[in-house]
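Novice: No letters, just coordinates:
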């Protein structure tokens with residue numbers, strides 16, 4: 001039996017009866033139902049020289065001790081960290097050991113095998129083919145052991161940052177634990193993906209550079225967290241594993257993007273030109289980090305990356321505060337975002353410096369902080385666009401106002417030099433309004449607009465209209481008994497009331513001829529209910545005249561309505577008037593003449609259009625002047 005074998009058996013027996021080891025025994029059957037966090041049971045030893053081999057460690061086995069932390073955290077270190085796990089095997093099951101901090105360069109597991117120790121390795125940059133289990137964490141499959149003997153396992157961790165959150169479980173329980181952790185990250189990934197594609201789409205449509213820089217920053221920040229959390233192993237092709245070694249390049253590209261984003265979004269060249277030199281200096285430092293990483297100076301690149309990222313956040317925070325204090329309200333979102341990032345980054349960095357313990361909160365603080373920052377910056381972009389639109393609107397209004405002032409000044413100089421511009425403008429507007437109102441009082445709106453635009457109008461045919469004609473009964477006899485003033489006053493009261501009824505029923509007043517009143521429905525705008533509107537207006541006119549009679553009015557009224565085609569247009573060049581012509585108009589006049597006081601007399605054509613709504617009394621074919629016999633109806 002060789003010396004190494006005897007020494008190995010001695011260590012097993014020593015571990016079995018070592019009181020310290022007995023307190024940290026890890027029975028694997030405890031992990032059958034759930035993954036077991038054993039970080040606080042691990043005994044550790046720090047090899048500051050970094051030169052010790054397993055044989056040397058075995059001779060220093062008594063120096064292993066528990067760290068005064070729930071999770072052994074050595075942070076940024078040049079030392080090699082050794083961990084001892086005293087495990088009692090469980091026959092018939094496959095067990096796995098997982099390290100919840102995947103950023104360690106190389107981890108070697110030494111396990112008992114045939115009277116000596118065998119070894120297998122994994123690490124941050126190791127390909128999937130060399131891993132026992134493809135997962136975000138570093139995972140070892142524990143070789144099966146027979147019996148119930150307590151066995152010491154050793155882990156050797158070498159890397160720029162060494163933190164040892166260790167869990168044990170079966171393949172099922174370990175994967176369930178990893179799956180639970182992945183759900184939170186997938187939620188984060190879904191959120192940032194939505195922000196990325198949304199802002200990228202805005203850039204494609206608007207070509208606004210701030211949206212491009214924002215999308216680029218979100219992309220590289222997300223890629224950085226995918227690398228640092230080990231998710232590139234499971235979410236990206238294996239060819240992307242080269243990014244592990246160049247994670248500082250990814251973080252630098254994200255830093256460059258955020259510098260360009262803040263500089264563009266806050267318009268620092270315009271509002272804070274003196275600060276641009278600091279942004280350029282940081283851009284230069286990011287290039288130094290990229291070149292250092294390409295030159296494989298990973299420790300230098302990592303340390304410099306942390307410093308420059310912190311300076312980037314501080315500079316962005318300062319810029320946001322200054323811009324906010326200068327009245328740019330949208331800058332508050334950048335101020336808040338950088339405050340959140342500064343806090344989360346400080347927690348994250350100080351965790352690596354062993355100031356804070358490693359736990360779920362400190363480990364994910366930078367991811368949570370970046371997610372909140374992305375949301376706040378997205379809000380800031382929206383607020384900035386609103387502010388820009390408000391500025392443009394104000395500038396347009398100012399330009400329009402200045403243009404109006406200039407036009408008013410020119411108008412004042414050309415028309416009346418002694419009159420102030422604003423007074424003259426108001427006078428002109430008032431006069432124009434009076435002119436427009438007068439024109440609209442004479443002509444239908446469509447005809448008035450055509451006359452103003454073209455200086456003339458064309459007569460038009462209207463195939464389907466209804467013409468309403470009214471006349472006061474015994475007007476001549478009554479008017480002889482009145483003074484001119486009394487007559488005009490009474491006509492004004494009556495015609496004013498009729499005007500209001502005509503307008504309310506979407507009809508056009510054409511003219512008054514003495515005591516006669518002519519109106520039409522269906523022109524210049526087409527109206528499907530022209531006949532019904534006229535009849536409805538007729539009944540309202542009868543009701544109005546009845547009330548007027550009760551109040552002391554003098555007149556009774558006859559109403560005639562006819563439906564058919566007419567020609568409408570303007571005649572004359574002085575005191576022009578809008579008029580209608582045609583047999584339909586003449587027939588409406590004859591219907592009024594053959595009507596009765598307080599009655600609406602309609603033709604057969606009108607009757608056909610209203611018979612479904614109104615009951616009518618057929619009067620027969622009555623003779624009308626110059627028209628022969630006409631079917632006439634009283635509307636009941």
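Specialist: Done, it's in. Bear in mind the structure is a predicted one, so any value in this text is a computation, not a measurement.
Novice: wait, isn't residue 520 in contact with residue 464?
Specialist: No - judged on Cβ atoms under 8 Å, residue 520 makes no contact with residue 464 at a distance of 11.2 Å. In this view, the C-beta of every residue, glycine as well, is placed from N, C-alpha and C.
Novice: out of those two, which sits in the busier spot?
Specialist: Neighbour tally, residue 520 and residue 464, criterion other Cβ atoms under 10 Å: the higher count belongs to residue 520, 26 against 17.
Novice: Doesn't that one lie inside a strand?
Specialist: Yes - going by DSSP: H, G, I helix; E, B strand; the rest coil, the assignment for residue 520 places it inside a strand.
Novice: Quickly note the distance from it to residue 457.
Specialist: The span separating residue 520 from residue 457 equals 16 Å under the rule Cβ to Cβ, to the nearest Å.
Novice: what about residue 498, is that helix, strand or coil?
Specialist: Three-state call for residue 498 (three-state DSSP): helix.
Novice: do residue 257 as well
Specialist: Under three-state DSSP, residue 257 falls in the helix class.
Novice: Please name the nearest non-neighbouring residue to it.
Specialist: Taking Cβ to Cβ, 6 or more residues apart in numbering as the measure, residue 257 lies nearest to residue 217, with 3.7 Å between them; neighbours along the chain are not counted.
Novice: Spit out the contact partners of that neighbour.
Specialist: By Cβ atoms under 8 Å, 6 or more residues apart in numbering, the residues touching residue 217 are 254, 257, 258, 261.
Novice: Surely it is within a strand?
Specialist: No - when three-state DSSP is applied, residue 217 is found to be helix, with no strand at that position.
Novice: Could you check the pLDDT of it?
Specialist: The predicted local confidence for residue 217 comes out at a pLDDT of 87.
Novice: distance of it from residue 624?
Specialist: Look at residue 217 and residue 624: by Cβ to Cβ, they are 88 Å apart.
Novice: cool, and residue 101?
Specialist: The span separating residue 101 from residue 624 equals 107 Å under the rule Cβ to Cβ.
Novice: More neighbours: the two, which one.
Specialist: Here residue 101 and residue 624 are set side by side on neighbour count (other Cβ under 10 Å), and the busier one is residue 101, at 24 against 18.
Novice: next one: phi and psi at that one?
Specialist: Backbone geometry at residue 101, expressed as degrees, to the nearest 10, gives phi -120, psi 100.
Novice: so what's it closest to, chain neighbours aside?
Specialist: Spatially, and ignoring its direct neighbours in sequence, residue 101 is nearest to residue 163 (4.3 Å; Cβ to Cβ, 6+ apart).
Novice: Specify the beta-bridge partners of that neighbour.
Specialist: Using DSSP bridges, the bridge partners assigned to residue 163 are residue 73.
Novice: give the contact list for it.
Specialist: The contact partners of residue 163, taken as Cβ under 8 Å, 6+ apart, are 71, 72, 73, 74, 75, 101, 104, 358.
Novice: Can you verify residue 84 is assigned to a strand?
Specialist: Yes - looking at residue 84 with three-state DSSP, it is inside a strand.
Novice: list the contacts for it?
Specialist: By Cβ under 8 Å, 6+ apart, residue 84 lies in contact with 42, 43, 44, 45, 61, 64, 152, 153, 154, 155.
Novice: nearest residue to it other than its sequence neighbours?
Specialist: Spatially, and ignoring its direct neighbours in sequence, residue 84 is nearest to residue 43 (4.5 Å; Cβ to Cβ, 6+ apart).
Novice: mind checking the backbone torsions on that neighbour?
Specialist: Taking degrees, to the nearest 10, you get phi -100, psi 130 for the backbone angles of residue 43.
Novice: Could you do residue 122 as well?
Specialist: Listed backbone geometry of residue 122 is phi -150, psi 180, with angles given as degrees, to the nearest 10.
Novice: re earlier: go through the contacts of residue 84 and flag which are in strands.
Specialist: Assigned to strands by DSSP state E, the following of the contacts of residue 84 qualify: 43, 44, 45, 152, 153, 154, 155.
Novice: least confident pick among those?
Specialist: Sorting the ones in strands among the contacts of residue 84 by pLDDT puts residue 152 at the bottom of the list (86).
Novice: ok, now how distant is that residue from residue 360?
Specialist: As for residue 152, its distance to residue 360 is 29 Å (criterion: Cβ to Cβ).
Novice: The two: which is more packed in?
Specialist: When neighbours are counted by other Cβ under 10 Å, residue 152 and residue 360 differ, and residue 152 comes out ahead with 24 against 11.
Novice: Can you show me the strands along the stretch 401-550 of the chain?
Specialist: For the stretch 401-550 of the chain, strands defined by DSSP state E, counting those that start in this stretch occupy the ranges 460-472, 508-513, 516-521.
Novice: Just put these in TSV and tack on mean pLDDT and distance to residue 553.
Specialist: Output for the strands of the stretch 401-550 of the chain, formatted as TSV (pLDDT from 0 to 100; distance: least, Cβ to Cβ, whole Å):
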stretch	mean pLDDT	distance to residue 553
strand 460-472	92	10
strand 508-513	89	17
strand 516-521	93	15
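Novice: Distance to residue 391 for those - can I get that in TSV?
Specialist: Listed next are those as TSV, based on distance: least, Cβ to Cβ, whole Å:
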stretch	distance to residue 391
strand 460-472	49
strand 508-513	48
strand 516-521	51
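Novice: and of those, who's closest to residue 338?
Specialist: Closest to residue 338 of the strands of the stretch 401-550 of the chain, according to Cβ to Cβ: strand 508-513, at 67.7 Å.
Novice: what's residue 103 sitting at in phi/psi?
Specialist: Dihedral angles of residue 103 (phi, psi; degrees, to the nearest 10) stand at phi -90, psi 10.
Novice: actually residue 71, sorry about that
Specialist: Main-chain dihedrals, residue 71, degrees, to the nearest 10: phi -130, psi 120.
Novice: And for residue 593?
Specialist: Here the main-chain torsion angles of residue 593 (degrees, to the nearest 10) amount to phi -70, psi -30.
Novice: Likewise for residue 166?
Specialist: Backbone geometry at residue 166, expressed as degrees, to the nearest 10, gives phi -120, psi 140.
Novice: My read is that it contacts residue 98, right?
Specialist: Yes - the pair residue 166 and residue 98 qualifies as a contact (Cβ under 8 Å) at a distance of 7.2 Å.
Novice: what's the overlap in contacts for those two?
Specialist: For the pair residue 166 and residue 98, no residue contacts each of them under the criterion Cβ under 8 Å, 6+ apart.
Novice: after the helix or strand hosting residue 281 comes which helix or strand?
Specialist: When secondary structure is defined by DSSP states H and E, residue 281 falls within helix 276-294. The element immediately downstream of helix 276-294 (helix or strand, assigned by DSSP H and E) is helix 298-325.
Novice: other SSEs contacting that next one?
Specialist: Where contact means 3 or more Cβ pairs under 8 Å, 6 or more residues apart in numbering; DSSP states H and E, helix 298-325 is packed against helix 247-265, helix 276-294, helix 331-352.
Novice: on that earlier part again, what's the closest of the contacts of residue 163 to residue 319?
Specialist: Nearest to residue 319 among these is residue 75, at 30.8 Å by Cβ to Cβ.
Novice: Buried residues, the biggest strand by length in the chain. List them.
Specialist: Secondary structure assigned by DSSP E gives strand 557-571 as the longest strand of the chain. Of the residues in strand 557-571, 557, 558, 559, 560, 561, 562, 563, 564, 566, 568, 570 count as buried by neighbour count, 16 or more other Cβ atoms under 10 Å.
Novice: Could you list everything the first one pairs with in the sheet?
Specialist: This means residue 557. Applying DSSP bridges to residue 557, the residues it is bridged with are residue 472.
Novice: for it, what are its contacts?
Specialist: 470, 471, 472, 473, 541, 542, 545, 597, 598.
Novice: how close does the first one sit to residue 594?
Specialist: With distances defined as Cβ to Cβ, the gap from residue 470 to residue 594 amounts to 14 Å.
Novice: who has more neighbours, those two?
Specialist: Residue environment comparison for residue 470 versus residue 594 gives the larger neighbour count to residue 470, 27 against 18, counting by other Cβ under 10 Å.
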